[in-house]
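**Q** what would the 3D arrangement of this be:
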Amino acid sequence: MNLSESVPGRGRWVINRLGAGLLAGGGAALCISLLAALQNWQSVVLLMAPFGATMVILFVLPESPLAQPRNIIGGHLLTVLAGFLVQHWLGVDVFTLGLATGLGVFLMVLTGTTHPPAGANPLLIMLTQPAFSFVLTPVLSGVAVIVLFGVLYHRVLLRRRYPLRWF
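**A** Sure thing, here's the model as predicted:
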């Protein structure tokens, strides 16, 4: 007797979970691979660690408000700007690391652009201190590719309605 026979409906649940996982993981893998390929082809930075967490929300929970383009783009942009602002005016220390993160969260809530992966951006900015051009690449260009890929993946391949709203 296998597990699906001993627990009614369990086999269907495993198959559904397996299929959902493969679709979400496949979408995330393709999107990050596209960013990496474009990065190599164009010799411009398009990847940053918080984008990995964005993949979870975009491909596992595409109907979530947190996965909508407004939240992905706005959340990443505002939190990166918060990191640069605090770094520039107050420097980097134990207090300003928290302040920059808190400011980023505040701005996302204030503007209705909450995107949890973007909460890491102020720390990324403060700890690595990149040039201000980081706002354009990888942030804006990266999220543009991510959102465009998400739209094509969900609409064309999976035949799902995405996004539910743009802005």
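
**Q** could you find the closest non-adjacent residue to the residue nearest to the spatial centre of the chain?
**A** Of all residues in the chain, the one closest to the mean position by C-alpha atoms, centre = their mean is T54, 1.9 Å from it. Excluding the flanking residues, the one nearest T54 by C-beta to C-beta, 6 or more residues apart in numbering is P117, at 4.6 Å. Using the backbone N, CA and C atoms, a C-beta is placed for each residue, glycine as well.

**Q** residue contacts, the one you found?
**A** Neighbour list for P117: 50-54, 56-57, 75-76 [criterion: C-beta atoms under 8 Å, 6 or more residues apart in numbering].

**Q** what subset of these is buried?
**A** The neighbour count (16 or more other C-beta atoms under 10 Å) marks 50-51, 54, 57, 75-76 as buried among the contacts of P117.

**Q** which ones among those lie within helices?
**A** Secondary structure defined by DSSP state H assigns 50-51, 54, 57, 75-76 of those to helices.

**Q** among those residues, which one lies nearest to L110?
**A** Nearest to L110 out of these is G75 (C-beta to C-beta; 11.7 Å).

**Q** the closest one contacts L110, doesn't it?
**A** No - if you go by C-beta atoms under 8 Å, G75 and L110 don't touch, sitting 11.7 Å apart.

**Q** shaky segments in the chain?
**A** Within the chain, the ranges that satisfy pLDDT under 70 run 1-15.

**Q** state the distance from the residue nearest to T54 to V80.
**A** Plainly put, P117 is 12 Å away from V80 if you go by C-beta to C-beta, to the nearest Å.

**Q** need the helices for the protein, in chain order.
**A** For the chain, the helices defined by DSSP H cover 3-6, 10-42, 50-60, 69-90, 94-111, 121-128, 141-152.

**Q** which strands or helices does the longest one pack on?
**A** It stands for helix 10-42. Applying 3 or more C-beta pairs under 8 Å, 6 or more residues apart in numbering; DSSP states H and E, we find helix 10-42 packed against helix 3-6, helix 50-60, helix 141-152.

**Q** same question, the fifth one
**A** With contacts defined as 3+ C-beta pairs under 8 Å, 6+ apart, helix 94-111 has these neighbours: helix 69-90, helix 121-128.

**Q** how about a markdown table for the ones you listed, with distance to V151 added?
**A** Below are the helices and strands packed on helix 94-111 laid out as a markdown table (distance: least, C-beta to C-beta, whole Å):
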| stretch | distance to V151 |
| --- | --- |
| helix 69-90 | 8 |
| helix 121-128 | 23 |
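
**Q** among those helices, which is nearest G19?
**A** That would be helix 69-90 among these, by C-beta to C-beta, at 24.5 Å.
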